[in-house]
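1. Predicted model and sequence below, questions to follow.
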Amino acid sequence: MKKLLIYLFVLLLVACGSKKSDIPVPENATQYTFSLPHQIEFGVASGSYVVIYQYAQPLDTAFYYSNIVNIGKDTIVYAQARSLPDETGRRFDSKTKAMSGNVTALVLYDGKKFHYLKPPYFDPYFSAFSVEGQELYYWGINKDNAKTYACRYNLRTGATKAIYLIVDEGTDYFGAFYPPRIDESGILFKEDIGNQWVFNKAFDQMLKRMVRPEAEEEKDSVKTETALFKI
């Protein structure tokens, strides 16, 4: 009797181990997961980075502030973070600790290949972004004259539209520009100090503009520009 019970128990274990899960997998399930944020030092400031995993295997490291966007199941867009070599030339190889590094580029990974994008006025450190469909909306920054732009970049064609917003005095604080918010009411570009601009979904009309009084003075001295780039 004891042997029979052991035999039946073994059969039960085999049956349970070979049975497939009945839990349905969502059609939009992504193959990517992310670590908890870790600190990255930039010399004069610090931020956070996360490790991107593809099917549980380390894929790359991304700057946490900018945004990490899934496009469908296979493609992600993010700002790539990289460690700096130490005095011996060796790069930091841990994926779970603080590191010294920099933000190198805007990257689109399609599940097989890394594509390094270069939208006009895109600053890897400060250009927080959002994606809707094939359109990348981001903060454009001209370091030569401190002008700030609301930008739209087509990920497929490279066509770019940049609309001048304001002359910004500059900052080393990475939370200064929020990722553009896209909803039915329009596209919102907002700074942490309260300045904000809202555009229609076609991105050809400004619906709302709220800026600090001192910013009004700055704008009076600078001609509004709309630049259209074809790449």
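-> The structure has been received and is ready for your questions.
2. Geometric centre of the protein: which residue is closest?
-> Asn67 (2.4 Å; Cα atoms, centre = their mean).
3. three-state assignment of the residue nearest to that one when sequence neighbours are not counted?
-> Spatial nearest neighbour of Asn67, excluding adjacent residues (Cβ to Cβ, 6 or more residues apart in numbering): Pro179 at 4.9 Å. For the C-beta atoms, the positions are set from N, CA and C on the backbone; glycine is no exception. Using DSSP: H, G, I helix; E, B strand; the rest coil, the secondary structure recorded for Pro179 is coil.
4. Am I right that Pro179 is in contact with Glu132?
-> No - using Cβ atoms under 8 Å, Pro179 is not in contact with Glu132; the gap is 11.6 Å.
5. Pick out whichever of the two has more residues nearby.
-> The residue with more neighbours, out of Pro179 and Glu132, is Pro179; 20 against 15, by other Cβ atoms under 10 Å.
6. Next up, phi/psi of the more buried one, please.
-> Backbone torsions of Pro179, given as degrees, to the nearest 10, read phi -60, psi 140.
7. how much space between it and Tyr53?
-> Distance of Pro179 to Tyr53, given as Cβ to Cβ, to the nearest Å: 22 Å.
8. do the same with Asp60
-> Taking Cβ to Cβ, one finds Asp60 at 9 Å from Tyr53.
9. With Pro85 instead?
-> 24 Å.
10. Repeat that for Leu117.
-> 22 Å.
11. Below-threshold pLDDT in this structure: ranges please.
-> Scanning the chain for pLDDT under 70 picks out 1-30, 86-96, 169-174, 214-231.
12. State the number of residues packed around Leu165.
-> Leu165, neighbours per other Cβ under 10 Å, totals 25.
13. What is whichever strand or helix holds it packed up against?
-> Using DSSP states H and E, Leu165 sits within strand 160-167. Packing partners of strand 160-167 (3 or more Cβ pairs under 8 Å, 6 or more residues apart in numbering; DSSP states H and E): strand 147-154, helix 213-220, strand 226-229.
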